[in-house]
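Enquirer: Got a sequence here, can you model it:
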Amino acid sequence: MKKLLLTLSLGLVLAVATGCGATSVDGDTPANTETPAGTEAPANNEETEGSTETPAADVSYNDGTYEGTSDAGISEGLKVSVTVEDGKITEVEVVEHNETDGIGTNAINALPGKIVEAQSTDVDDVSGATLSSNAIKEAVNNALEQAQ
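Expert: Just a heads-up that it's a prediction; the model follows:
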């Protein structure tokens with residue numbers, strides 16, 4: 001009987017000790033996700049170095065058609081044309097690229113419309129085409145710099 005109680009007690013202690021070091025569902029990060037004081041991430045309206053995002057839709061641009069390029073994709077030489085009318089982005093078109101068919105082209109087909117809708121490059125990347133997505137955003141940002 002003493003052995004049974006000792007075994008159960010030991011099991012309980014191990015279970016409690018294991019629970020104190022719990023990790024998130026993915027098993028890679030601690031379950032406690034609170035940010036320690038003084039280490040907060042920058043607010044959404046603060047631009048970070050190397051960002052591929054433009055400020056929110058309250059930016060107004062000079063009307064015209066502008067071209068921008070990026071070498072951030074799988075292949076170099078992605079080129080976009082951005083049209084601005086009445087201060088708003090009305091069209092984004094990828095006019096030149098060497099991205100992979102069926103992967104990078106998914107971003108080329110999806111992102112321009114999302115950028116027009118959001119009036120910003122602050123849109124989600126296309127899953128599986130992160131580099132192509134970043135190249136499109138960078139090229140659009142380069143074009144929009146000319147429109148300011």
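
Enquirer: list the contacts for the residue nearest to residue 61 when sequence neighbours are not counted?
Expert: Leaving out its chain neighbours, the residue that sits closest to residue 61 by Cβ to Cβ, 6 or more residues apart in numbering is residue 147, at 3.8 Å. Yep, even glycine has a C-beta here, placed from its N, CA and C like the rest. Taking Cβ atoms under 8 Å, 6 or more residues apart in numbering, we find residue 147 in contact with 61-62, 64, 66, 82, 84.

Enquirer: and with 6 Å instead?
Expert: Taking Cβ atoms under 6 Å, 6 or more residues apart in numbering as the criterion, residue 147 is in contact with 61-62, 66, 84.

Enquirer: ditto for residue 96
Expert: Residue 96 sits in contact with residue 79, where contact means Cβ under 6 Å, 6+ apart.

Enquirer: From residue 120, how far off is it?
Expert: Distance check for residue 96 against residue 120: by Cβ to Cβ, to the nearest Å, it reads 23 Å.
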